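Chemist: Quick one, what's the 3D model for this:
(chains A and B, ligands or ions: 2)
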Amino acid sequence: MAHIEVNQKKVTPEIAERLSSVCPFGALVVGEKGLSIESGCRLCGLCLKADKDGVLTLVKDEPTVEVVKSSSRGIAVLAECMGNQVHPITLELLGKALEMAAPTGQPVFVVVIGWKVSSAVESLRCYGADKIYVYDDRSLEHFEPLRYASCVEDFVRKVRPSVVMAGATSMGRSVAPRIAARFRTGITADCTGLALREDGDLVQTRPAFGGNIMAQIVTPRTRPQLCTVRYRVFDAAQKREGPTSQVEVMEEPDGLEKAGACILEVLAKPKEPDISEAEVIVAVGRGVKDEAGLHLVRKLADILGAQLACTRPMVENGWFDPRRQIGLSGRTVKPKLIITIGVSGAVQFAAGMDKSEFIISINNDPEASIFNISHLGLVGDLYEVLPAFIEKVGREEPVR
Amino acid sequence: MIERRIQSGVGPKTGHKNEKGVGCLNIIVCIKQVPSTSNVEVDPVTGVLRRDGIKSKMNPYDLFALEQAFLLREQYGGTVAALSMGPNQAMDVLYEALYMGADSAVLASDRRFAGADVLATSYTLAQCVRKMGKYDLIVCGKQTTDGDTGQVGPEMAEWLEIPHACNAISIESFSEGAFTVKVNMDHSIYTLKIEAPCLITVDKDVNTPRLPSYLRRKRAGNAQISVWSMDDLADQAESHYGLSGSPTQVERIFPPEAHDDRECFKGSGEELADRLYSLLRQKKRI
Ligand SMILES: Cc1cc2nc3c(=O)[nH]c(=O)nc-3n(C[C@H](O)[C@H](O)[C@H](O)COP(=O)(O)OP(=O)(O)OC[C@H]3O[C@@H](n4cnc5c(N)ncnc54)[C@H](O)[C@@H]3O)c2cc1C
Ligand SMILES: Nc1ncnc2c1ncn2[C@@H]1O[C@H](COP(=O)(O)O)[C@@H](O)[C@H]1O
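Modeler: Ligands and ions are numbered 1, 2, ... in the order given. Okay, the predicted model is just below:
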């Protein structure tokens, strides 16, 4: 069992105090017996880095089985189809898969699960995957976790891909963890960055520990390596001249008969304005403190024909609908232009918008981390900048 | 490390009937203790985490899961047990659950559980569920505010070999051994019947969680929290728990990177408005 050991002989009160203050989980506790490690420890290793005195040692396990990594090959994308339509997330996953495969020579697969999906498969054939595996059965018309998991399991057993990518959609989030448990392998949710190493290890990046930090995560011992990615994080694959992907229609796998659940009714949700489709966005944060501030940002959004979006606290205080929230627990957006107003730029927010083409930020705190990712940063009070801007627009350009 | 074992074997009793003659429901709710602020930052120079003294609270999403369980218990009778994995300090959220109305609580706490990723966490929780005895329903929150994956619930269901449904907006009824549930999919609302025992994750804001009450606190005065270590679980292979049982590894953590093609200006409202105006002009947005 991997764990950290404390050499109590070397512990002085100062060292104990210092090391304990480094632990983000409060797991290093200073007590009568010196320094002890409590069960809150997540083995993040920060204390090891801060330990200049050789007080702590990481005791590692030797891995018992060395997986033959070379027996797993290829990057598989779990497609998402609504009847005949391919969800755009599928093309984005495919775009990333092809980009990672190119230098490493790995094949790229797409798995399509559904009922009457032939035209979806036909259109997918033009996007550069090597092979498309199709599970087409009446029982697969609507998403049921156990049935879909049976198909993915069957695919993984037969094809042995090294990586399986799924959208961080209702479907992906529901089926991918089941696959992880079936193959006793790792899953990394909501990746914002992915890269493939020469040895086949997938380097997954995502915001972590609920803080302003990114973590780089690998799954070195097991295969397949599972990850989910949100809509609008990666660039979609380009359509090619003709259909190039081979198609293999798979036989019904075991397990389709038992779902444990049956769907009684499917009601389409009314289409609502979706900030993830917007070309221009004005994003509002806690710097906007009152109705007067909201009035200013609405005015700005009107001038630009922009959609209004917001940070999580603005949803929590009831000022905005949750569907307008950008970020890790909101939507991912990738507009041509985004203007943030009074937003500090926490990683969880940035994760949902830092791929935008052009970012402008107004914030009166020059240290705000939003400026690290902004193409144009304006350090000033929004309550001064916006009225001046609105007035200028009114002067130069009489209201349309 | 000595585990504080208060009581073991709280497995709820099943099989009794309520007045309506419908089988009571034994429900397990998984709750997690999370940091109450997100103010952890990496020092860009030393690469070390900075934090203000971290306080903890119950994962806010799990409050909806607990409330859903209480509503079902009111309707059908039965018991609600709260389950959490975490350090000893996580006892606090279990007390909170008891004061809200849970009948019993289990804390899985052991240094050997440390460093668990989704696989090891869901496995440990599933092992606890097996020890807790017969159940009809497990309710989880939609996601946590620290891990934020939403994956622990469905993965637990896989270990327990039971069906699951994610993002329930309501659990409408229970009859003939199945729950009728409405779930929020991306583009539609599914109504489905799911056989018990099963696991359901509950969407946010679907109910109004009750507050812990003084009365229940008094009554819960002698309710106990069972603390289980690995030695209490059926599977005692260390390699299945904590860091050893976690296939994912965090290689490094780092502050988010900055764009290199950025410009920053300080100035009066008037000057900055001019900057903004000329840029938006140039980009043909106005
Ligand atoms: C697991 C997890 C997931 C999360 N998911 C999300 C998510 O999806 N989306 C999200 O947004 N957050 C999310 N958060 C919260 C996130 O960490 C931050 O707390 C949040 O983004 C901060 O919002 P804010 O920028 O509006 O507020 P603050 O951080 O309070 O920032 C307000 C900013 O306004 C500036 N300001 C104040 N007055 C003025 C003025 N007069 N003029 C100009 N500027 C002014 C201040 O300098 C400050 O920088 C998540 C947190 C966790 C732990
Ligand atoms: N350590 C834990 N103890 C108890 N329940 C947990 C734990 N981690 C996650 N859960 C449950 O799983 C849900 C999803 O968590 P996550 O996958 O971390 O977003 C939470 O809302 C809880 O119901």
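Chemist: can I assume residue B:277 sits in a strand?
Modeler: No. Secondary structure of residue B:277 (DSSP: H, G, I helix; E, B strand; the rest coil): helix, not part of a strand.
Chemist: hang on, it packs against residue A:394?
Modeler: No. Using Cβ atoms under 8 Å, residue B:277 is not in contact with residue A:394; the gap is 11.3 Å. Using the backbone N, CA and C atoms, a C-beta is placed for each residue, glycine as well.
Chemist: Pick out whichever of the two has more residues nearby.
Modeler: Shown here are residue B:277 and residue A:394; by other Cβ atoms under 10 Å in any protein chain shown, residue B:277 has more neighbours (17 against 12).
Chemist: Not counting sequence-adjacent ones, nearest residue to that one?
Modeler: residue A:392 (5.3 Å; Cβ to Cβ, 6 or more residues apart in numbering or on different chains).
Chemist: you'd agree that neighbour is in a strand?
Modeler: No. Counting by three-state DSSP, residue A:392 falls outside a strand, being helix.
Chemist: residues touching it, list them.
Modeler: B:273-274, B:277 (Cβ atoms under 8 Å, 6 or more residues apart in numbering or on different chains).
Chemist: shaky segments in chain B?
Modeler: Within chain B, the segments meeting pLDDT under 70 span B:1-23, B:37-54, B:220-222, B:259.
Chemist: in it, which helix has the most residues?
Modeler: The residue-count maximum for a helix in chain B (DSSP state H) belongs to helix B:60-76.
Chemist: and that helix, does that touch ligand 2?
Modeler: Yes. Using Cβ under 6 Å from any ligand atom, helix B:60-76 comes into contact with ligand 2 via B:61-62, B:65.
Chemist: roughly how far is that helix from the heart of the chain?
Modeler: Distance, stretch centre to chain centre, for helix B:60-76: 13 Å (Cα atoms, centre = their mean, to the nearest Å).
Chemist: packing partners for it?
Modeler: If you count contacts as 3 or more Cβ pairs under 8 Å, 6 or more residues apart in numbering or on different chains; DSSP states H and E, helix B:60-76 packs onto strand B:25-30, strand B:78-85, helix B:91-100, strand B:137-141, strand B:164-175, strand B:198-202.
Chemist: Could you confirm whether that helix reaches ligand 1?
Modeler: No. For helix B:60-76, no contact with ligand 1 is found by Cβ under 6 Å from any ligand atom; the gap never falls below 10.5 Å.
Chemist: Which residue ranges of the chain form helices?
Modeler: All of this refers to chain A. Under DSSP H, chain A gives helices at A:13-22, A:46-50, A:88-104, A:118-124, A:145-159, A:170-182, A:291-304, A:312-316, A:347-350, A:382-396.
Chemist: switch to chain B, that's the one I care about
Modeler: B:60-76, B:91-100, B:118-132, B:152-160, B:214-219, B:269-282.
Chemist: quick one: the fourth one to strand B:25-30, angle?
Modeler: Right, helix B:152-160. Interaxial angle, helix B:152-160 versus strand B:25-30 (axes from the mean of the first three to the mean of the last three Cα atoms, to 10 degrees): 120 degrees.
Chemist: Return the list of helices and strands in contact with helix B:152-160.
Modeler: helix A:170-182, strand B:25-30, helix B:118-132, strand B:137-141, strand B:164-175, strand B:198-202.
Chemist: what's the domain layout of chain A?
Modeler: Listed by automatic domain parsing, the domain ranges of chain A are A:3-59, A:69-258, A:275-394.
Chemist: Now tabulate those in a markdown table and tack on mean pLDDT and distance to residue B:178.
Modeler: Listed next are those as a markdown table, based on pLDDT from 0 to 100; distance: least, Cβ to Cβ, whole Å:
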| stretch | mean pLDDT | distance to residue B:178 |
| --- | --- | --- |
| domain A:3-59 | 83 | 38 |
| domain A:69-258 | 93 | 14 |
| domain A:275-394 | 94 | 30 |
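Chemist: Nearest to chain A among the residues of helix B:60-76 next to ligand 2?
Modeler: Checking those against chain A with Cβ to the nearest Cβ, the nearest one is residue B:61 at 9.6 Å.
Chemist: Next, the contact list for that closest one, please.
Modeler: Per Cβ under 8 Å, 6+ apart, neighbours of residue B:61: B:141-145, B:202, B:204.
Chemist: which residue packs closest to it, ignoring adjacent ones?
Modeler: Distances taken as Cβ to Cβ, 6+ apart put residue B:141 closest to residue B:61, at 3.4 Å, once the chain neighbours are dropped.
Chemist: what's the spacing between the closest residue to ligand 2 within the stretch 1-150 of chain B and residue A:205?
Modeler: In the stretch 1-150 of chain B, the residue that lies nearest ligand 2 is residue B:141 (2.5 Å; Cβ to the nearest ligand atom). Separation of residue B:141 from residue A:205 (Cβ to Cβ, to the nearest Å): 25 Å.
Chemist: With neighbour numbers in mind, choose between those two.
Modeler: residue B:141 (27 against 19).
Chemist: Tell me who's in contact with the more buried one.
Modeler: Residue B:141 touches B:30-32, B:59, B:61-65, B:153, B:201-202, counting by Cβ under 8 Å, 6+ apart.
Chemist: Which pair of those residues spans the longest distance?
Modeler: Within the contacts of residue B:141, B:63 and B:153 form the most distant pair, 15.3 Å apart (Cβ to Cβ).
Chemist: Of these two, give the one with the bigger neighbour count.
Modeler: Each of residue B:63 and residue B:153 has its neighbours counted (other Cβ under 10 Å); residue B:153 has more, 28 against 24.
Chemist: quick one: that one and residue B:30 touch, right?
Modeler: Yes. Using Cβ under 8 Å as the test, residue B:153 is close enough to residue B:30 to be in contact (7.3 Å).
Chemist: Touching both of those two, which residues are there?
Modeler: Shared contacts of residue B:153 and residue B:30 (Cβ under 8 Å, 6+ apart): B:138, B:140-141.
Chemist: Around ligand 2, pick out the residues from the stretch 101-250 of chain A.
Modeler: So the stretch 101-250 of chain A never meets ligand 2 (Cβ under 6 Å from any ligand atom).
Chemist: got the contact list for the residue of the stretch 101-250 of chain A found nearest ligand 2?
Modeler: Nearest to ligand 2, among the residues of the stretch 101-250 of chain A, is residue A:189, at 7.5 Å (Cβ to the nearest ligand atom). With contacts defined as Cβ under 8 Å, 6+ apart, residue A:189 is in contact with A:168, A:173, A:206, A:227-228, B:118, B:148-151.
Chemist: Without its sequence neighbours, what residue ends up closest to the residue of the stretch 151-286 of chain B found nearest ligand 1?
Modeler: Per Cβ to the nearest ligand atom, residue B:269 is where the stretch 151-286 of chain B lies closest to ligand 1, at 9.8 Å. Spatially, and ignoring its direct neighbours in sequence, residue B:269 is nearest to residue A:384 (2.7 Å; Cβ to Cβ, 6+ apart).
Chemist: Now render the contacts of residue A:392 as TSV, adding distance to residue A:281.
Modeler: Below are those laid out as TSV (distance: Cβ to Cβ, whole Å):
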residue	distance to residue A:281
B:273	20
B:274	22
B:277	19
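Chemist: Report the separation between the nearest residue to residue B:211 once chain neighbours are set aside and ligand 1.
Modeler: Closest residue in space to residue B:211, ignoring its immediate chain neighbours: residue B:100 at 7.3 Å, by Cβ to Cβ, 6+ apart. Separation of residue B:100 from ligand 1 (Cβ to the nearest ligand atom, to the nearest Å) stands at 23 Å.
Chemist: Now residue B:116: closest residue in space, sequence neighbours ignored.
Modeler: Distances taken as Cβ to Cβ, 6+ apart put residue B:242 closest to residue B:116, at 5.3 Å, once the chain neighbours are dropped.
Chemist: ok, that neighbour touching residue B:115?
Modeler: Yes. Under the criterion of Cβ under 8 Å, residue B:242 is in contact with residue B:115, at a separation of 5.1 Å.
Chemist: what about the two, which has more around it?
Modeler: With neighbours defined as other Cβ under 10 Å, residue B:242 and residue B:115 compare such that residue B:242 has more, 27 against 24.
Chemist: re earlier: show me what contacts the residue of the stretch 151-286 of chain B closest to ligand 1?
Modeler: A:380-381, A:383-385, A:387-388.
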